[in-house]
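1. Sequence first, predicted coordinates after that:
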Amino acid sequence: MSLNDRWHTFRRVPSFYLPHEWRNWVLDRGSLTQRLIHASHGNFSVRVIRQQWLKPNYDEARLLNCPASSKALIREVELLCHGNVWVIARSIIPYNTLSGKERQLKSLGNRSLGSFLFKSKAMVRGPLQITQTSPAALSMQTDGAINEPLWGRRSIFYLHGKPLLVSELFLPSILKDRPQI
Ligand SMILES: C=C(O[C@@H]1C=C(C(=O)O)C=C[C@H]1O)C(=O)O
């Protein structure tokens, strides 16, 4: 099942629902890429699952104020540390956002989106929305390896005032693969 379906139901929860051990990760408004690089002592990579022109789901189109029928550049990735997936992410980039300097977003490849966003002097990040979901809800093939709630977030980044939506899901390997920082 693609992330497209996994993110279909982003059920918001208040940030105070977050357990202590996840608060620093999920509420950090800085670059997640930089945080992962630091936490893994540089053993970090981006695996692009797909990057295609597709229709966002209804909720995403609504947040981006895009017509429900319009397509956007949808990028789904896994962020790996020490070869393990620590984060899965889905970004929705409307056509009109891919103008000017932001045209480069079409050809990121396995460079992190964050490496572009947090370099831009014209970037403003909107508020974080928090969600809690389950492997079952995401139809994740975990063969029982993950049987605990998963925490995620999404926020809109504005580049020269043009929006893109980034959703991220934090996997338990973040805490299991390393001690708390
Ligand atoms: C927004 C960031 O970029 C990260 C990298 C992404 C990508 O390469 O597609 C997507 C979401 C983020 O987890 C960040 O590093 O904070």
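-> Structure received. Just so it is clear, the model here is predicted, and its values are computed rather than measured.
2. Show the contacting residues for the residue in the chain that the ligand sits nearest to.
-> Scanning the chain for the residue nearest the ligand gives Gly114, at 2.0 Å (criterion: CB to the nearest ligand atom). Where C-beta positions appear, they are placed from N, C-alpha and C, glycine not excepted. Residues near Gly114 by CB atoms under 8 Å, 6 or more residues apart in numbering: Ser31, Leu32, Thr33, Gln34.
3. Give me the nearest residue to the second one, chain neighbours excluded.
-> If the residues on either side of it in the chain are set aside, Leu32 comes closest to Gly114, at 5.9 Å by CB to CB, 6 or more residues apart in numbering.
4. Then the third one?
-> When the adjacent residues along the chain are set aside, Thr33 lies closest to Gly114, with 3.7 Å between them (CB to CB, 6+ apart).
5. Quick check: Ser155 touching Ile130?
-> No - in this structure, Ser155 sits apart from Ile130 without contact. The criterion is CB atoms under 8 Å, and the distance is 10.1 Å.
6. On the pLDDT front, check Asn110 for me.
-> Reading off the confidence values, Asn110 has pLDDT 97.
7. hang on, I meant Arg11
-> Confidence for Arg11, expressed as pLDDT, is 86.
8. let's have the chain start at 49 instead
-> That works, and once the first residue is 49, the last one we named lands at Arg59.
9. And the closest residue to it other than its chain neighbours, its phi and psi?
-> Spatial nearest neighbour of Arg59, chain neighbours left out: Thr179 (5.7 Å); criterion: CB to CB, 6+ apart. With angles defined as degrees, to the nearest 10, Thr179 sits at phi -140, psi 160.
10. What of Pro142?
-> Comment: the main-chain dihedrals of Pro142 come out as phi -60, psi 150, following degrees, to the nearest 10.
11. Isn't it up against Ala120?
-> Yes - Pro142 is in contact with Ala120 according to CB under 8 Å; the separation is 4.8 Å.
12. shared neighbours of these two, which are they?
-> For the pair Pro142 and Ala120, residues contacting each of them under the criterion CB under 8 Å, 6+ apart are Leu112, Cys114.
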